[in-house]
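A.B. asks: coords below, sequence missing:
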């Protein structure tokens with residue numbers, strides 16, 4: 001016998017989706033790295049695999065012509081090498097049972113519960129997404145690529161100096177093409193002595209990033225809370241007064257033209273990052289891209305009654321993958337938290 005519900009599938013779905021639309025327009029959740037990549041996402045997913053074109057070699061060589069009769073060098077080669085990735089697909093349910101239906105009286109109370117469950121699922125998935133990007137943890141998100149190339153050997157960004165980075169990304173080793181500028185991300189190590197080393201490391205890495213990027217407006221920068229505190233302690237004397245206001249504890253972190261967003265999400269508890277925590281991170285969102293299937297980036301299906309169960313459920317879904325096609329315009333500074 002079919003279950004009798006007070007609210008239709010359409011009504012519950014509208015309630016949940018209305019919350020999501022309002023919540024995401026406000027953009028008030030402190031998931032800065034996740035929000036930055038999602039805001040630049042490309043809904044271009046299709047097929048069984050995602051192909052990443054690597055530009056790894058020159059097509060031809062130039063020939064000096066003195067008389068005009070010299071033989072032209074026609075030794076040529078292909079330019080691109082294809083990297084490949086499988087898609088990551090993650091699902092979280094939002095469930096409303098007949099027990100919920102009977103135990104909660106009044107339309108307003110029921111709507112409130114549906115909204116709270118939708119909000120909880122939404123925020124949890126975004127937290128898990130960002131944790132996978134930065135800390136490379138989370139079993140459900142194991143198929144999603146990570147930025148963390150310090151605690152893993154497959155993450156995009158490493159702390160090893162330029163020329164010695166060897167992680168395998170999109171089935172291609174960064175070490176194979178280490179001589180190419182685009183295959184190595186910029187790095188800096190403050191060595192646990194931010195007061196001595198941090199400003200030099202920031203200046204140098206930012207100069208190298210600016211030299212490597214064609215569009216600085218796509219650079220998104222982040223720093224740890226401890227790193228921001230160290231930075232502000234170093235420059236406090238020079239930045240104490242801003243305009244007509246006095247500010248003895250200025251919170252803004254601005255270095256080399258890049259504004260860093262403080263966040264507590266940068267990794268500091270992994271196999272490598274425990275000893276070398278991430279302190280300052282710059283991502284080039286022209287090179288690092290989140291690709292998703294159309295309409296499947298933390299989106300939600302409609303509520304439907306589940307056969308065999310006295311529940312209605314909607315599925316919050318992520319179907320996508322993170323890619324990178326150029327490393328040199330992103331940077332990482334470690335061990336500047338003290």
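C.D. replies: Alright, I've got the coordinates. Quantities reported herein were computed from a predicted structural model and do not represent experimental measurements. Numbering: from 1, shown residues only.

A.B. asks: just for the chain, where's the confidence low?
C.D. replies: Confidence mapping of the chain against pLDDT under 70 gives the ranges 1-29, 78-80, 104-105, 238-250.

A.B. asks: can you do 80?
C.D. replies: Low-confidence segments of the chain, defined by pLDDT under 80: 1-30, 54-59, 76-82, 101-111, 236-251.

A.B. asks: Give me the outermost residue of it relative to its centroid.
C.D. replies: residue 67 (55.2 Å; C-alpha atoms, centre = their mean).

A.B. asks: Show me where the protein has its helices.
C.D. replies: Secondary structure of the chain by DSSP state H: the helices cover 9-26, 32-39, 98-103, 107-135, 194-212, 225-239.

A.B. asks: Distance to residue 59 and mean neighbour count added to these, as JSON lines?
C.D. replies: Using the backbone N, CA and C atoms, a C-beta is placed for each residue, glycine as well. Formatted as JSON lines, the helices of the chain follow (distance: least, C-beta to C-beta, whole Å; neighbours: other C-beta atoms under 10 Å):
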{"stretch": "helix 9-26", "distance to residue 59": "44", "mean neighbour count": "15"}
{"stretch": "helix 32-39", "distance to residue 59": "32", "mean neighbour count": "19"}
{"stretch": "helix 98-103", "distance to residue 59": "63", "mean neighbour count": "13"}
{"stretch": "helix 107-135", "distance to residue 59": "35", "mean neighbour count": "18"}
{"stretch": "helix 194-212", "distance to residue 59": "22", "mean neighbour count": "18"}
{"stretch": "helix 225-239", "distance to residue 59": "43", "mean neighbour count": "17"}
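
A.B. asks: Quick check: which of these is nearest to residue 257?
C.D. replies: Set against residue 257 and scored by C-beta to C-beta, the helices of the chain come closest in helix 194-212, at 7.1 Å.

A.B. asks: Can you name every helix or strand that that closest one contacts?
C.D. replies: Judged by 3 or more C-beta pairs under 8 Å, 6 or more residues apart in numbering; DSSP states H and E, the packing partners of helix 194-212 are strand 186-189, helix 225-239, strand 253-255, strand 278-284, strand 331-334.

A.B. asks: Try it again at 6 Å.
C.D. replies: For helix 194-212, the elements it packs on are strand 186-189, strand 331-334, judged by 3 or more C-beta pairs under 6 Å, 6 or more residues apart in numbering; DSSP states H and E.

A.B. asks: and the last one, which residues are buried?
C.D. replies: Just to be clear, that refers to strand 331-334. Buried residues in strand 331-334, defined by neighbour count with 16 or more other C-beta atoms under 10 Å: 331, 332, 333, 334.

A.B. asks: Of all the helices and strands packed on helix 194-212, which one is nearest residue 117?
C.D. replies: Nearest of those (C-beta to C-beta): strand 331-334, 37.3 Å.

A.B. asks: And for the closest one, what's in contact with it?
C.D. replies: 157, 159, 186-189, 201, 205, 209, 276, 278-282 (C-beta atoms under 6 Å, 6 or more residues apart in numbering).

A.B. asks: Quick one: residues contacting the closest residue to residue 197 other than its chain neighbours.
C.D. replies: Leaving out its chain neighbours, the residue that sits closest to residue 197 by C-beta to C-beta, 6 or more residues apart in numbering is residue 190, at 4.3 Å. By C-beta under 6 Å, 6+ apart, residue 190 lies in contact with 197, 198, 201, 335, 336.

A.B. asks: If we use 10 Å, what do you get?
C.D. replies: By C-beta atoms under 10 Å, 6 or more residues apart in numbering, the residues touching residue 190 are 196-202, 227, 230, 276, 279-280, 333-338.
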